[in-house]
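Asks: Structural data only, the sequence is not supplied:
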């Protein structure tokens, strides 16, 4: 038992090490460089063609390639790699003393170069520098993505908050100016509208806090054992108050013996909640929103069905776009942020699952969420 545990631990550690793809047609060079690169996971390739096959099937952190190789030279390999994966880090090794080869490599976007005969200390130092630059570039891309996301989100929040705040502000200004008679029946109607805007403002703030807590999380899914039934019941409980207020019934069909899955509970619950909330929002009073689970050996499928107006066929491809909102009444006054389905699909796909909608105008919409069991 100990030996098996050690093997698994070793395998995990190797997978976490940076991967270097070493490309050279001379086996002795590959062996020497591999020994110097102790501490990295080194994959060897004897040709450019073999290297491209490896890159196509598994992630590689740095490609370290000789320039002088038969059939496909290192410069040809560099160009082919950059065409397929522009962000792939590539270091070229050249025995040429002239600057022309180095210049060609740099023009082809090589990340660094090493001259032969190889200084083994320089080899380790160069690889370490390239990996450090690669990590910084990836971090910069992530920061820019997050900054863009926050800017888009804040812009949308500002737009959504402006309408209820403006309505409430105008009403208060009218009161302060003595406009409006509390004894007038229309005054009570206006007061109800303002109360509605105030409640909506609270709903937006609550949603804002909920979205910011979930969607601004970075990194891959945080997997842990999750009871499917418990998660479904928890999400349904969170949505039930809104459903009751809208006069919509929730019907759940999830077996008592539902499986336990390895999931990021927060993200999958977010996706399921987005589907249920949309179904409730677009269902007329006295209708039912149903959720049922189907379990197979390989997957779990959850279906959320509503009896609303449905989504026009031309709009179906757009519903998963960021900030897109279906407007069945064509009033331009759709409430919400238009982010639920966008992130729901992203979160489910990050688990290796799928999410799609089917809809018939006048009949309703069915959302199908599938998650792998293994």
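Replies: It's in. Every value quoted in this text rests on a predicted model; they were computed, and no experiment measured them.

Asks: Can you get me the start-to-end distance on stretch 47-64?
Replies: 12 Å (CA to CA, to the nearest Å).

Asks: average pLDDT across that stretch?
Replies: When pLDDT is averaged over stretch 47-64, the result is 94.

Asks: just stretch 20-32 next, same as before
Replies: Summarised as a single mean, pLDDT over stretch 20-32 is 93.

Asks: what comes up buried for that stretch?
Replies: 20, 21, 22, 23, 24, 25, 29, 30 (16 or more other CB atoms under 10 Å). From N, CA and C alone the C-beta is placed, and that goes for glycine too.

Asks: Restricted to strands, list these.
Replies: Taking DSSP state E, the ones among those that sit in strands are 20, 21, 22, 23.

Asks: Report the contact partners of the residue lying closest to the last one once chain neighbours are set aside.
Replies: By the measure of CB to CB, 6 or more residues apart in numbering, the closest residue to residue 23 outside its immediate chain neighbours is residue 65, 4.0 Å from it. By CB atoms under 8 Å, 6 or more residues apart in numbering, the contact set of residue 65 is 22, 23, 24, 48, 51, 74, 77, 78, 90, 91, 92, 93.

Asks: so which of the residues you listed comes closest to residue 350?
Replies: residue 90 (28.4 Å; CB to CB).

Asks: phi, psi of the residue nearest to that closest one when sequence neighbours are not counted?
Replies: Distance criterion CB to CB, 6+ apart; nearest residue to residue 90, sequence neighbours excluded, is residue 63 at 4.5 Å. Main-chain torsions, residue 63, degrees, to the nearest 10: phi -100, psi 120.

Asks: which residues touch residue 63?
Replies: Contact analysis of residue 63 by CB under 8 Å, 6+ apart lists 21, 23, 51, 55, 77, 78, 81, 88, 89, 90, 91.

Asks: ok, 6 Å please
Replies: Neighbour list for residue 63: 21, 81, 90 [criterion: CB atoms under 6 Å, 6 or more residues apart in numbering].

Asks: Next SSE downstream of whichever strand or helix holds the second one?
Replies: So the one you mean is residue 81. Using DSSP states H and E, residue 81 sits within helix 74-84. Following helix 74-84 in sequence order, the next helix or strand is strand 89-94 (DSSP H and E).

Asks: Put together a markdown table for the buried residues of stretch 20-32, with distance to residue 99 on each row.
Replies: As requested, the buried residues of stretch 20-32 are exported to a markdown table (distance: CB to CB, whole Å):
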| residue | distance to residue 99 |
| --- | --- |
| 20 | 26 |
| 21 | 26 |
| 22 | 25 |
| 23 | 23 |
| 24 | 22 |
| 25 | 24 |
| 29 | 23 |
| 30 | 26 |
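
Asks: Could you work out the most separated pair of those residues?
Replies: Longest span within the buried residues of stretch 20-32, CB to CB: 20 and 25, 17.2 Å.

Asks: What is the burial count for residue 158?
Replies: Counted with other CB atoms under 10 Å, the neighbours of residue 158 add up to 9.

Asks: so where do the helices sit in the stretch 251-374 of the chain?
Replies: Under the criterion DSSP state H, counting those that start in this stretch, the stretch 251-374 of the chain carries helices at the ranges 265-281, 340-349.

Asks: who does the longest one touch, helix- and strand-wise?
Replies: It stands for helix 265-281. Contact here means 3 or more CB pairs under 6 Å, 6 or more residues apart in numbering; DSSP states H and E; on that basis helix 265-281 packs against helix 228-245, strand 299-305, helix 340-349.

Asks: and residue 70, which of those is closest to it?
Replies: With CB to CB as the yardstick, what comes closest out of those is helix 340-349 (42.1 Å).

Asks: Report the inter-axis angle for the closest one versus strand 299-305.
Replies: Inter-element angle recorded for helix 340-349 and strand 299-305: 170 degrees (by axes from the mean of the first three to the mean of the last three CA atoms, to 10 degrees).

Asks: related to what we said a few turns ago, hang on, the residue nearest to residue 23 is in a strand, isn't it?
Replies: Yes - counting by DSSP: H, G, I helix; E, B strand; the rest coil, residue 65 is part of a strand.

Asks: The nearest residue in space to residue 164 that is not next to it in sequence: what's it in contact with?
Replies: Counting by CB to CB, 6+ apart, residue 164 lies nearest to residue 197, which is 4.0 Å off, once chain neighbours are set aside. Residues near residue 197 by CB under 6 Å, 6+ apart: 164, 167, 168.

Asks: just checking, which of these belong to helices?
Replies: Using DSSP state H, the subset of the contacts of residue 197 located in helices is 164, 167, 168.

Asks: neighbour-wise, which of these leads?
Replies: Going by other CB under 10 Å, residue 164 tops the ones in helices among the contacts of residue 197 with 20 neighbours.

Asks: so which of the contacts of residue 65 comes closest to residue 108?
Replies: Checking those against residue 108 with CB to CB, the nearest one is residue 78 at 5.0 Å.

Asks: State the distance from that closest one to residue 226.
Replies: Going from residue 78 to residue 226 by CB to CB, to the nearest Å gives 45 Å.
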